[in-house]
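Student: starting from these lines, generate the structure:
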Amino acid sequence: MHRFLIPLFVLLSSAAAHAAPGPRVASPDGTIVVELATDNDGRPAYAVSRKGQPVIASSRLGFLLLDAPKFERNIEIVQPRTRTFDETWEQPWGERRLIRNHYNELTVTLKEKAKPFRSFDVVFRVFDDGVGFRYRFPKQSGLEQVKISEELTEFSLARDATAWWILAGEWNREEYLYHRTPVQQVGDAQTPITFRFEDGTHLSIHEAALVDYSGMNLTRVEDRKLKADLTPGIGEGKVVLAAPFHTPWRTLLLSDDAAGLAMSSLTLNLNEPNTLGDVSWVKPMKYVGVWWEMHLDLKSWASGPKHGATNENVRKHIDFAAKHGFGGVLVEGWNVGWDGDWFGNGEDFSFTQSYPDFDLEALSRYARSKGVVLIGHHETSGNAAHYEEQMGDAFDLYQRVGVPAVKTGYVADASQAKVTGTDGKRHYAWHEGQDMARHHLKVVTEAAKRQIAVNPHEPIKDSGLRRTYPNWITREGARGMEFSAWGQPGNPPEHEANLVFTRLLAGPMDYTPGIFGMKTRSTDGIATTWAKQLSLYVVIYSPLQMAADLLENYEKNPAPFQFIKDVPVDWDDTRVLNGEVGDYVTIARKERGGDNWYLGALTDEDGRTLSVPLTFLDEGRRYTAQIYRDGDKAHWKTAPQDIVIEERSVARGDTLTLKLAPGGGQAIRFVAQ
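Tutor: The predicted model follows:
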């Protein structure tokens, strides 16, 4: 434990500001050091360095309370205690099968030096690739119930950095394009937010284990200093909890480069182990669905002559899935409530009553006879209160007819979700407020009782709770492929290279790739080549992975479609081989329970050539590389369909040169010989 005594470089002017230096803790490899201290007014703060260089300068800790004095001044640090933890645990499904959870932990008590002598704990866990810390409130006189008006948690970047971030508190929830700015130009930002320092060090700030608490945004208060900004609640305080309780973990991922951020399992490790027991019923799968045709305005969610969720149309999708080896068929628009202003309030939705031209039980039976399952759909229009009134019956119905997974939806402007308060009345709420955090966990646990997996769209942010509740299998929570189907400009070529190092650091995303039909309602079509669409099945991780295009586009193009049919969705190992935020990335993954590897590489609007040593392949064997690459004329604007499919024999010592077209990519299946 001598590493706890590693000297820490002075962080900016912290030596002058801190009257009482406190304890410190280092990562197991000694690379990352966290120091605690109080200033002359007794304000507690922490600082973080990596490889002897400051990363987070002196940053405050504390709380503003609604009905009690703030926890922030005249505090001393007492009772430091440390421990080391090291385990390796197995994911039931995931990017890799085995995960090491190794950290050094420091817990301190922050105690007021004057009446009323209140106290709370701060727990720091320091990993080789980052830091997590949380507050713990004990039950104590005068604080049996705690009403938090704001956290005073700060993240003061010690050096200039470039930031990639999206707006917080705006109407479209998490579905914004990423800004790339100096840290001094960050406004109100959502997490994960990613930074690159001038020496190449990368930092991502987020949170883990968001349970019964409001989601954390960040707001820049001065220069490089960011402060926690909790999502508003529906009543008194942004968070109201009975003591004892703890907050979510505030997380700092740290790496030499962008690729290292995407390799981290820190967020998962800060969550509790699986509480559901045997989860063998959670089945990762690829699926097709009655979905993209609605976004293209060829079909409708509502009833009538364009209705998409008809017995005939769904059977066609089931037959296609069975023929090509897909596990599921998503059906949207099957249930009563889509006619009229469904976006406005969601009160008309029934989650048990089908439209007359859709026979849920018969179609589920038909699908299962062909080795396929239906994936259910519950759009709520953000009306969580209305959904909870029917949720039990809805899940009972799915369990009875054999629907093992459900896509939920919360399409409503930010702050326009609806929840039932402790007063029994309906209240408008933010999608990431405390009440919606409670709602989403209720959905997941009620679904688990019926052995149903959940894939929420317009969700609360991912904070790694899939470890604790493995039926929380994926989610949306960013601009997905549908933005490229609509009449507005779609996602730009850099979008996916941004997602990998921002949103996807939080967890899986149901991005819905696999589009071959480039003409959409968007004026620019889709900013991608076909090869890039194939690469997304490896680059963007999701254990539920959609082949989103119209079925006829796959039937007309069987050669590139073959990769979508072959690529798995569950992995034994993952290697992020290279990447720069918003520019490019290459990822290799090994299939779960098999010998084959898969590689996906993609770029932004700039064509580029990447050199990829095949060091991830198993030693001592050869592979047939089935390559799907951009053709010589490929370009996302002028020739997206230009794709070359070829094979070559390779082994571990080889190096491949990947030539990526503007807006392009490459997908490779390495078949073990």
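Student: what number of residues lie near the closest residue to Gln434 other than its chain neighbours?
Tutor: Leaving aside its sequence neighbours, Gln434 sits nearest to Ser214 (Cβ to Cβ, 6 or more residues apart in numbering; 4.7 Å). Every residue, glycine included, has its C-beta placed from N, CA and C. When neighbours are defined as other Cβ atoms under 10 Å, Ser214 has 27 of them.
Student: isn't Ser214 right up against Thr231?
Tutor: Yes - under the criterion of Cβ atoms under 8 Å, Ser214 makes contact with Thr231 at 4.2 Å.
Student: find residues that contact each of these two.
Tutor: Shared contacts of Ser214 and Thr231, defined by Cβ atoms under 8 Å, 6 or more residues apart in numbering, comprise 238, 430, 432-434.
Student: who touches the nearest residue to Ala417 once chain neighbours are set aside in this structure?
Tutor: Nearest non-adjacent residue to Ala417, counting by Cβ to Cβ, 6+ apart: Gly382, 3.9 Å away. Going by Cβ under 8 Å, 6+ apart, Gly382 touches 346, 410-412, 416-418, 431, 458.
Student: can you give me the strands in the stretch 401-550 of the chain?
Tutor: 405-409, 417-420, 426-429, 453-457, 544-546 (DSSP state E, counting those that start in this stretch).
Student: before we move on, the earlier item: for the shared contacts of Ser214 and Thr231, give me TSV that also has distance to Ala667, neighbour count and pLDDT.
Tutor: Formatted as TSV, the shared contacts of Ser214 and Thr231 follow (distance: Cβ to Cβ, whole Å; neighbours: other Cβ atoms under 10 Å; pLDDT from 0 to 100):
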residue	distance to Ala667	neighbour count	pLDDT
Lys238	44	24	98
Trp430	38	23	98
Glu432	34	27	98
Gly433	40	26	98
Gln434	42	28	98
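Student: which of those sit farthest apart?
Tutor: Spatially, the most separated pair among these is Lys238 and Glu432, at 10.9 Å (Cβ to Cβ).
Student: give me the common contacts of those two.
Tutor: 214, 231.
Student: make a markdown table out of the shared contacts of Ser214 and Thr231 and add distance to Leu106.
Tutor: Shown next, in a markdown table, are the shared contacts of Ser214 and Thr231 (distance: Cβ to Cβ, whole Å):
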| residue | distance to Leu106 |
| --- | --- |
| Lys238 | 27 |
| Trp430 | 33 |
| Glu432 | 29 |
| Gly433 | 31 |
| Gln434 | 28 |
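Student: closest to Lys565 out of those residues?
Tutor: Checking these against Lys565 with Cβ to Cβ, the nearest one is Glu432 at 36.9 Å.
Student: thought the closest one was touching Ile460?
Tutor: Yes - look at Glu432 against Ile460 with Cβ under 8 Å: they come within range, at 5.2 Å.
Student: now do the shared contacts for the two.
Tutor: Listed contacts common to Glu432 and Ile460 are Gly215; contacts here mean Cβ under 8 Å, 6+ apart.
Student: residue boundaries of the helices in the stretch 351-500 of the chain?
Tutor: Per DSSP state H, counting those that start in this stretch, the stretch 351-500 of the chain carries helices over the ranges 360-369, 384-401, 434-449, 495-499.
Student: so which of those helices is nearest Arg652?
Tutor: Across the helices of the stretch 351-500 of the chain, Arg652 has its closest neighbour in helix 495-499 (27.0 Å, Cβ to Cβ).
Student: by contact count, what packs against the closest one?
Tutor: Other elements packing on helix 495-499 under the criterion 3 or more Cβ pairs under 8 Å, 6 or more residues apart in numbering; DSSP states H and E are helix 530-539, strand 597-603.
Student: would you mind giving the ones you listed as JSON lines with distance to Arg503 and mean neighbour count added?
Tutor: Output for the helices and strands packed on helix 495-499, formatted as JSON lines (distance: least, Cβ to Cβ, whole Å; neighbours: other Cβ atoms under 10 Å):
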{"stretch": "helix 530-539", "distance to Arg503": "13", "mean neighbour count": "29"}
{"stretch": "strand 597-603", "distance to Arg503": "15", "mean neighbour count": "27"}
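Student: got these as a markdown table, with mean pLDDT and distance to Tyr387 columns?
Tutor: As requested, the helices and strands packed on helix 495-499 are arranged in a markdown table below (pLDDT from 0 to 100; distance: least, Cβ to Cβ, whole Å):
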| stretch | mean pLDDT | distance to Tyr387 |
| --- | --- | --- |
| helix 530-539 | 99 | 31 |
| strand 597-603 | 99 | 36 |
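Student: turn the strands of the stretch 401-550 of the chain into CSV, columns for mean neighbour count.
Tutor: Listed next are those as CSV, based on neighbours: other Cβ atoms under 10 Å:
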stretch, mean neighbour count
strand 405-409, 24
strand 417-420, 23
strand 426-429, 18
strand 453-457, 25
strand 544-546, 27
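Student: what would those look like in JSON lines with mean pLDDT and distance to Val538?
Tutor: Below are the strands of the stretch 401-550 of the chain laid out as JSON lines (pLDDT from 0 to 100; distance: least, Cβ to Cβ, whole Å):
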{"stretch": "strand 405-409", "mean pLDDT": "98", "distance to Val538": "22"}
{"stretch": "strand 417-420", "mean pLDDT": "97", "distance to Val538": "34"}
{"stretch": "strand 426-429", "mean pLDDT": "97", "distance to Val538": "37"}
{"stretch": "strand 453-457", "mean pLDDT": "98", "distance to Val538": "20"}
{"stretch": "strand 544-546", "mean pLDDT": "98", "distance to Val538": "10"}
